[in-house]
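Peer 1: Give me a 3D structure for the following:
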Amino acid sequence: MQMQSEKFPELKLPWLLTTLIELLYQSGGRRTEGLFRVAGDPEQLATARGQLDGWLAPKMHDANVPAGLLKLWLRQLPVPLILPTLYQRALVAAENPAEAIRLVDLLPEINRLVLVRVIALLQDLSREEVVAKTKMDTSNLAMVIAPNILRCEKFVNIWENTATFSSRGTRKSGF
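Peer 2: Numbers count the residues shown, from 1 in each chain. Modelled structure (predicted):
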């Protein structure tokens, strides 16, 4: 937000976030099988990233490119959208919508705004008519997006939390 404040002082959300989401839609993301799971072409990713670094919105025909760049941007944020101090609470909140709302309310405003925009995107992409084309239902979308917005502080927790299953075979981790 500091980097874009001179160029786009009126924006409440990061320009890069809104641009990548717009590019994802323009390039047919709602019709792209394996969206967020299939990697974009490395050359196209590098070219698009360079243009975006220069505040230019590239022209794209492959929705996997903006989808991959969106995941990369979320993953490379210096601090994840859901703060590391809230990691354990987020795992518990996965089964409790009221607690999840309380947790989101604890986030800094920019984190909350970005998270809400990402959730709105995921809600749209999880519509039945979209899933019929992308084959990316809510479970698939959660699997590819969650690690980019919720990161634990210790590497060992990743293995503990993703491998924990109850006797009924459902995850306890919230992923």
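
Peer 1: need the helices for the protein, in chain order.
Peer 2: In the chain, the segments counted as helices under DSSP state H are 15-26, 42-53, 64-76, 87-93, 97-105, 109-125, 128-134, 138-149, 155-162.

Peer 1: Mind giving me the packing neighbours of the second one?
Peer 2: Spelled out, that is helix 42-53. On a contact count with 3 or more C-beta pairs under 8 Å, 6 or more residues apart in numbering; DSSP states H and E, helix 42-53 meets helix 15-26, helix 64-76. Where C-beta positions appear, they are placed from N, C-alpha and C, glycine not excepted.

Peer 1: hang on, the earlier thing: pipe the helices of the chain into TSV and attach mean pLDDT and mean neighbour count per row.
Peer 2: Shown next, in TSV, are the helices of the chain (pLDDT from 0 to 100; neighbours: other C-beta atoms under 10 Å):
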stretch	mean pLDDT	mean neighbour count
helix 15-26	97	18
helix 42-53	96	14
helix 64-76	97	21
helix 87-93	90	17
helix 97-105	93	13
helix 109-125	97	16
helix 128-134	98	14
helix 138-149	95	17
helix 155-162	51	12
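
Peer 1: just so I know, which of those lies nearest Glu33?
Peer 2: helix 128-134 (5.8 Å; C-beta to C-beta).

Peer 1: residue closest to the middle of the chain?
Peer 2: Ile145 (4.5 Å; C-alpha atoms, centre = their mean).

Peer 1: was I right about it contacting Leu125?
Peer 2: No. Contact criterion C-beta atoms under 8 Å: Ile145 and Leu125 do not qualify, at 9.8 Å.

Peer 1: What number of neighbouring residues does the residue lying closest to Leu106 once chain neighbours are set aside come out with?
Peer 2: Using C-beta to C-beta, 6 or more residues apart in numbering and skipping residues adjacent in sequence, the residue nearest Leu106 is Leu86, 6.4 Å away. Using other C-beta atoms under 10 Å, Leu86 has 17 other residues around it.

Peer 1: Leu86 touches Leu103, doesn't it?
Peer 2: Yes. If you go by C-beta under 8 Å, Leu86 and Leu103 touch, sitting 5.9 Å apart.

Peer 1: distance of the closest residue to Ala67 other than its chain neighbours from Met136?
Peer 2: Counting by C-beta to C-beta, 6+ apart, Ala67 lies nearest to Phe36, which is 4.8 Å off, once chain neighbours are set aside. With distances taken as C-beta to C-beta, to the nearest Å, Phe36 is found 6 Å from Met136.
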